[in-house]
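*Asks:* Requesting a structural model of the entry that follows:
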Amino acid sequence: MPEPSKTPWPDGLRFAFGTLTALPVKVTRWDRDAARAGMLCAPLAGLVVGCSAALVGVLLLTLGAGPLLAAVASVAVPAALTRGLHLDGLADTADGLGSGKPAEDALRIMKQSDIGPFGVITLILVLFAQVAALAQVYGGSWGRGALAAVVSATAARLALTLAAREGVPAARPEGLGAAVAGVVPVRGAVAAAVAVTAVAAGAGALVSSYDIVRTAIAVVVAVGVAELLLRHCTRRFGGVTGDVFGGLAETAATVSLVVLSLGH
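*Replies:* Numbers count the residues shown, from 1 in each chain. Below is the predicted model:
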């Protein structure tokens, strides 16, 4: 009788930071167990990225910069810390979905190195939305702006944890999508979602009692919209790819920022 698989948490952390960020972390294992632990640790990678973005934004505000510049910097940091990987995935996913072609042809379009009109338009609108939302929140207070930067980056990676759950197939037999598709137990994905939502609400409590609810709702709505996109991509492409994961992350980040900007 085979031994039950173990979750190698140190290897999982290296997997999460080595594949989801540009930080100099070497991935030592590339098997399903490490991928499972890595995708469960994905929100931790988002937390580090978000804290880095918030730090840069608050630093600029302290030095006398306006909310708009702080917002641009806070959006640029996650892009830099992922080498634009998620933004590239978003653009490729938009091109694939917008092509209107069968799954095989759409996947081939997504794999091309250039970006089509759907990808360009989507990138422009998403980046504008992220900057506009963050500028509005930073304009209210530096604390809420920092909180928004951290919550959005963490919610973005939580969307990846949920997308890697059991039952979600890979669209291709190779690539990052195939490596992580279906590796996370549904119970683990739900536990991660509950934990991130609770921690986000707790962080919101540091700002005000109203932000407890606001941050929790932002996480829930963000992963909810990402789930709708995931289901559409799964129907359209037959499964997930690395590009789809990138598109999900940017979608969740944008939605959470928009929700957090409402009422400011």
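*Asks:* can I have the helix or strand of the chain with the lowest mean pLDDT written out in CSV, keeping just the CAs?
*Replies:* When the helices and strands of the chain are scored by mean pLDDT, DSSP states H and E, helix 176-180 comes last with a mean of 84. Output in CSV follows, covering the C-alpha atoms of helix 176-180 (Å, rounded to 0.1, in the frame of the first residue of the first chain):
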residue,chain,number,x,y,z
LEU,A,176,3.1,25.8,-15.2
GLY,A,177,-0.6,25.3,-15.6
ALA,A,178,-0.2,21.5,-16.0
ALA,A,179,2.2,21.4,-13.1
VAL,A,180,-0.2,23.0,-10.6
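*Asks:* Please point out which parts of the helix or strand following that helix sit buried.
*Replies:* Once the chain leaves helix 176-180, the next helix or strand it forms, by DSSP states H and E, is helix 186-205. Buried residues in helix 186-205, counted by 16 or more other CB atoms under 10 Å: 188-189, 192-193, 196-197, 199-201, 203-204. Yep, even glycine has a C-beta here, placed from its N, CA and C like the rest.
*Asks:* Tell me which two of these sit farthest apart.
*Replies:* Spatial extent of these (CB to CB) is set by the pair Gly188 and Gly204 at 24.5 Å.
*Asks:* quick one: the helices in this protein?
*Replies:* For the chain, the helices defined by DSSP state H cover 9-20, 32-40, 42-62, 67-81, 85-99, 103-111, 117-140, 142-163, 176-180, 186-205, 209-237, 242-261.
*Asks:* where does the stretch 1-150 of the chain have low pLDDT?
*Replies:* For the stretch 1-150 of the chain, applying pLDDT under 70 flags the ranges 1-7.
*Asks:* ok, now with 80
*Replies:* Within the stretch 1-150 of the chain, the segments meeting pLDDT under 80 span 1-9.
*Asks:* ok, Leu40 - contacts?
*Replies:* 7, 12, 161, 184, 188, 192 (CB atoms under 8 Å, 6 or more residues apart in numbering).
*Asks:* one more time with 6 Å, if that's ok
*Replies:* 188, 192 (CB atoms under 6 Å, 6 or more residues apart in numbering).
*Asks:* again, but for the one 4 residues further on
*Replies:* Taking CB under 6 Å, 6+ apart, we find Leu44 in contact with no residue.
*Asks:* List phi and psi for Ala164.
*Replies:* phi -90, psi 10 (degrees, to the nearest 10).
*Asks:* one step back: the least confident helix or strand of the chain packs against which elements?
*Replies:* If you count contacts as 3 or more CB pairs under 6 Å, 6 or more residues apart in numbering; DSSP states H and E, helix 176-180 packs onto helix 32-40.
*Asks:* Can you point out the buried residues in the helix it packs on?
*Replies:* For helix 32-40, using 16+ other CB under 10 Å, the buried residues are 33-40.
*Asks:* what angle separates that helix from helix 142-163?
*Replies:* Calculated by axes from the mean of the first three to the mean of the last three CA atoms, to 10 degrees, helix 32-40 forms an angle of 150 degrees with helix 142-163.
*Asks:* mind checking how far helix 32-40 is from the chain centre?
*Replies:* Centroid separation for helix 32-40 versus its chain: 16 Å, with CA atoms, centre = their mean, to the nearest Å.
*Asks:* heads up, I number from 746, so please use that
*Replies:* Okay, using 746 as the starting number, the last item reads as helix 777-785.
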